[in-house]
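[1] pasting the sequence and the predicted model now:
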Amino acid sequence: MKVNGMKKITQEDFPKLTHHNETMVIETNPGCPVCKGAGIVHPRRLDGSPDYSKTMACPYPGCMGESARDFQKTEDATRRWQESGVIQRQTFENFKLIRGTEVALKYAKELAFGTANFGWLGICGGVGNGKTHLCNAIAKVSLERGMEVIMLSSANMFSKIKSAMNDNTDQELIKRLKEVMVLVLDDLGVEYDSPWQLSILDEILDTRYHTARLTVVASNLDLQNLPESMKRIESRFADKNISRVAFNSAPDYRKR
């Protein structure tokens, strides 16, 4: 239904908020000043305009977003956490802030808590200096905010796609990686530069770039100065309208 040319959210939109055909009990706030009792709202694009093609749980206190967070305590929510690939013990609260991690932590928190004016984050630096920890922290907060998240390493992603080729479900998996609300890709390195790997990676990232979906990439490479074979990826992170790159210059935590 449209009012003055704009789509009016109704109870019929509720099924769009479920994941993997799960059913969850929804409690809305009839007096909510944001959604007017509908329980869902349209998310904002990076330019601040509403995206009428999508819906999300209303984040206002006491409304459906809060009800969705309560749902995370159920067995189905536990399974969703497990499927996300997130290591729950790595949080912002227990991240060790040392010299060299300040910018990466700042950007990670802004993206995770929804205060960023960007949708892509690259975290690069040496081994063992907290990049994966920050990725997990971003994914964890995103899940707690009711967003669908997939976090995996580059090696695991390519392994899953190759395995999916055996039963012809690789395109389904690639489509899911393109469309999931938040994708966190850890440990991207030069070892993943075969023509097939670069083609898959570019296909996923290109779609996410053009649809402005939240994307986090951690790498021991300088994402602002990638090898020639990865220049298309570099160009995405060079776009200041959507991307930020944080160079984590901290030393290896494990050697401290």
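    Everything's here; your move.
[2] residue contacts, the residue lying closest to residue 91 once chain neighbours are set aside?
    Spatial nearest neighbour of residue 91, excluding adjacent residues (Cβ to Cβ, 6 or more residues apart in numbering): residue 137 at 5.3 Å. For glycine as for every other residue, the C-beta is placed from the backbone atoms N, C-alpha and C. For residue 137, the residues meeting the contact criterion (Cβ atoms under 8 Å, 6 or more residues apart in numbering) are 90-92, 95, 108, 112.
[3] quick one: the strands in the stretch 1-150 of the chain, in order.
    Here the stretch 1-150 of the chain has its strands, by DSSP state E, counting those that start in this stretch, at 2-3, 6-7, 40-41, 56-57, 120-125, 149-153.
[4] which other helices and strands does the fourth one contact?
    Contact analysis of strand 56-57 by 3 or more Cβ pairs under 8 Å, 6 or more residues apart in numbering; DSSP states H and E lists strand 40-41, helix 64-71 as its packing neighbours.
[5] tell me the most buried of the strands of the stretch 1-150 of the chain?
    Most buried of those, by mean neighbour count (mean count of other Cβ atoms under 10 Å): strand 120-125, with a mean of 25.
[6] quick check: domain ranges of this protein?
    2-71, 84-255 (automatic domain parsing).
[7] pretty sure residue 246 is in a helix, no?
    No - the assignment for residue 246 by DSSP: H, G, I helix; E, B strand; the rest coil gives strand, which leaves it out of any helix.
[8] out of the strands of the stretch 1-150 of the chain, nearest to residue 236?
    Residue 236 lies closest, by Cβ to Cβ, to one member of those: strand 120-125, at 6.8 Å.
[9] who does the residue sitting nearest the centre point of the chain bridge with?
    The C-alpha lying nearest the average C-alpha coordinate of the chain belongs to residue 182 (Cα atoms, centre = their mean; 1.9 Å). Under the criterion DSSP bridges, residue 182 forms beta bridges with residue 149, residue 214.
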